[in-house]
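> give the three-dimensional model of this entry:
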Amino acid sequence: MTPVALTHRFDADALASLPGPQWLVERRREALETFTAGELPTGAEEDWRYSRIGELDLSRFAPPSASPASGGLPSRAKALIETVGSRSGLAVSQDGVVSVLELDPALASAGVRLTRISDSPVTPVGLGERLAGRPDAFTRLAEAFLLDGIELEVPAGVRVPEPIVIVHAAGAASAGRALFPRALVRLGEAAEATVIELWCSDDEELLVVPVTELSIGDGAHATHLGLQELGAAAWQLGYQASAVGRSAVLRSYQAALGGEYARHWSRTELVGEGAESQLLAVYLGDGGQVEEFRTYQEHIAPRTRSELIFKGAVAGTAQSVYTGLIHMHPGAKKADASQTNRNLVLSEGARAYSVPNLDIEENDVRCSHASAVGPIDLDQRFYVESRGVPGPIAERLILLGFFEDLLARSPHPGVAAHLRAEVAERLIPVAGGR
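Below is the predicted model of the structure:
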């Protein structure tokens, strides 16, 4: 740990310019005091092992500005909104300012709320709760400079028929800044909803620290699809924290495509008996990108179940890092958890690291984990070529097949088609041209 540097611009003067209700002003001030009194992480810590955190210089970035967002949405954001098609709601936060809130009137009449966090007269229920007790320097910084965020609440028994789309976009006006996108999602008992959340930017230099909190009530069914398409000069330190109630189900699907260095930290707590989570991720890295995932599957209650499958491919001099932990807490009897991470390395200069872990504090549980890192299988290539398929085309088919099982499980067919196109455009030329 190293002391928080005093050369950066994240100080009380920067806070003073940010608007908001009194509860938010006080929350920011307390978080900044905690951040300043604390320490920045280093690569010597287990939670940041394999990361590039030692290269981060906070002095390069300015705090967010409360000025209205300027310019249009990045093309990536427009393309995703078009890809999703029919939706039940849309929220857009551009350069940290919530500019669009649209919700199906029938859902609003049923009590569904899609609102700005800053519009709440008191601290929204559950805000920060999922991170309490385990904050790090960057979640404290995100709390301190929370300009605004998006809150979605689905009451008990309400089913949202089409996805709610949340877009966090950064444009040219935010070049050289730090942004702290925030989403708070709560589903009541036996509610059902799908949320598609996008983080995107053009190619400006940015620091993006998104925080998403999901609270899934007893018997509810939630699907969260996160798509990270930041520009080539952006750094991301992302956080997702979820709590899943009794007999509830969370399906989480992450796709990491962009950024210079993009880290996604997630903790899923199965807090109610019979809770289930399905955690899937697809990631691509080329050029000099680094895509990093750190996951925690926390089995707290009995008869819980979690399944994790993460797949990635890296080319050029890109790197991927996956570190995962299955934690069986005392009392999690008859829990069942699996963790699988597979990586294709398509170039000699590319690297992939895979580190699965188990922490078992209860008897009568079942755990499994598996990981693999390697190039395209030569036996598979030989088999395809032996059927008369040229070598470059054989590699392309194998690469598409590697991802297809997860793409087929995407919660939204339009996003699955988008990801297939990304694989074809970015990685297939590399695989086919070796």
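> quick one, strands of the stretch 301-434 of the chain?
305-314, 319-328, 336-345, 351-360, 366-374 (DSSP state E, counting those that start in this stretch).
> and the angle from the third one to strand 305-314?
In other words, strand 336-345. Interaxial angle of strand 336-345 relative to strand 305-314 (axes from the mean of the first three to the mean of the last three CA atoms, to 10 degrees): 0 degrees.
> could you export strand 336-345 as CSV, CA atoms only?
Output of strand 336-345 as CSV, limited to C-alpha atoms (Å, rounded to 0.1, in the frame of the first residue of the first chain):
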residue,chain,number,x,y,z
ASP,A,336,-23.0,-26.3,-5.5
ALA,A,337,-20.5,-24.1,-7.4
SER,A,338,-18.5,-24.3,-10.6
GLN,A,339,-15.9,-22.0,-12.2
THR,A,340,-14.4,-22.4,-15.7
ASN,A,341,-12.0,-20.0,-17.4
ARG,A,342,-10.7,-20.7,-20.9
ASN,A,343,-8.3,-18.6,-23.0
LEU,A,344,-7.0,-18.6,-26.5
VAL,A,345,-3.6,-17.0,-27.2
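> which residues does that strand contact?
The contact list for strand 336-345, computed with CB atoms under 8 Å, 6 or more residues apart in numbering, reads 295, 297, 299, 304-314, 320, 322, 324, 326, 328, 351-352, 354, 356, 365-376, 399, 402. Yep, even glycine has a C-beta here, placed from its N, CA and C like the rest.
> could you redo the last one with a cut-off of 7 Å?
With CB atoms under 7 Å, 6 or more residues apart in numbering as the test, strand 336-345 has contacts from 297, 299, 305-314, 320, 322, 324, 326, 352, 354, 356, 366-376, 399, 402.
> one step back: in JSON lines, list the strands of the stretch 301-434 of the chain along with mean pLDDT, distance to A275 and mean neighbour count.
Formatted as JSON lines, the strands of the stretch 301-434 of the chain follow (pLDDT from 0 to 100; distance: least, CB to CB, whole Å; neighbours: other CB atoms under 10 Å):
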{"stretch": "strand 305-314", "mean pLDDT": "97", "distance to A275": "8", "mean neighbour count": "23"}
{"stretch": "strand 319-328", "mean pLDDT": "97", "distance to A275": "14", "mean neighbour count": "23"}
{"stretch": "strand 336-345", "mean pLDDT": "97", "distance to A275": "12", "mean neighbour count": "21"}
{"stretch": "strand 351-360", "mean pLDDT": "96", "distance to A275": "18", "mean neighbour count": "17"}
{"stretch": "strand 366-374", "mean pLDDT": "94", "distance to A275": "16", "mean neighbour count": "14"}
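> distance to V158 for those - can I get that in CSV?
Compiled in CSV, the strands of the stretch 301-434 of the chain are given as follows (distance: least, CB to CB, whole Å):
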stretch, distance to V158
strand 305-314, 25
strand 319-328, 32
strand 336-345, 30
strand 351-360, 37
strand 366-374, 34
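> which one of those strands lies closest to L206?
Distance to L206, taken as CB to CB, is lowest for strand 319-328 among the strands of the stretch 301-434 of the chain, at 20.1 Å.
> using PDB, write out the CA atom coordinates for the closest one.
Once non-C-alpha atoms are left out, strand 319-328 reads as follows in PDB (Å, rounded to 0.1, in the frame of the first residue of the first chain):
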ATOM      1  CA  GLN A 319      -3.000  -9.700 -22.100                       C
ATOM      2  CA  SER A 320      -6.000 -11.100 -20.200                       C
ATOM      3  CA  VAL A 321      -6.100 -11.900 -16.500                       C
ATOM      4  CA  TYR A 322      -8.700 -13.900 -14.700                       C
ATOM      5  CA  THR A 323      -8.600 -14.500 -10.900                       C
ATOM      6  CA  GLY A 324     -11.700 -16.100  -9.300                       C
ATOM      7  CA  LEU A 325     -12.700 -17.300  -5.900                       C
ATOM      8  CA  ILE A 326     -15.400 -19.700  -4.800                       C
ATOM      9  CA  HIS A 327     -16.100 -19.100  -1.100                       C
ATOM     10  CA  MET A 328     -18.200 -21.600   0.800                       C
END
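> the longest helix seen in the chain vs strand 336-345, what angle?
Ranked by residue count under DSSP state H, the longest helix found in the chain is helix 391-408. Helix 391-408 and strand 336-345 meet at an angle of 150 degrees, taking the same axes, to 10 degrees as the criterion.
> need the per-residue pLDDT for the closest residue to A256 other than its chain neighbours.
Once flanking residues are discounted, A256 sits nearest to Y283: 4.0 Å by CB to CB, 6 or more residues apart in numbering. Y283 is assigned 97 on the pLDDT scale.
> where does pLDDT dip in the stretch 1-150 of the chain?
Across the stretch 1-150 of the chain, the ranges flagged by pLDDT under 70 are 1-7, 68-71.
> all helices of it, in order?
12-16, 22-37, 75-84, 105-109, 137-144 (DSSP state H, counting those that start in this stretch).
> would you turn those helices into CSV with mean neighbour count and distance to Y253?
Listed next are the helices of the stretch 1-150 of the chain as CSV, based on neighbours: other CB atoms under 10 Å; distance: least, CB to CB, whole Å:
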stretch, mean neighbour count, distance to Y253
helix 12-16, 13, 35
helix 22-37, 16, 30
helix 75-84, 17, 14
helix 105-109, 12, 23
helix 137-144, 24, 23
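> a markdown table for these, including distance to V195?
As requested, the helices of the stretch 1-150 of the chain are exported to a markdown table (distance: least, CB to CB, whole Å):
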| stretch | distance to V195 |
| --- | --- |
| helix 12-16 | 30 |
| helix 22-37 | 23 |
| helix 75-84 | 11 |
| helix 105-109 | 13 |
| helix 137-144 | 19 |
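> what's the closest of those helices to A421?
Judged by CB to CB, the one of these that comes nearest to A421 is helix 75-84, at 9.9 Å.
> which elements pack onto the closest one?
Applying 3 or more CB pairs under 7 Å, 6 or more residues apart in numbering; DSSP states H and E, one finds that helix 75-84 contacts strand 164-170, strand 192-201, helix 413-426.
> right, and those - which one's nearest E82?
Using CB to CB, the helices and strands packed on helix 75-84 put helix 413-426 closest to E82, at 8.6 Å.
> so how far is the closest one from its chain's centroid?
In terms of CA atoms, centre = their mean, to the nearest Å, the centre of helix 413-426 is set 18 Å apart from its chain centre.
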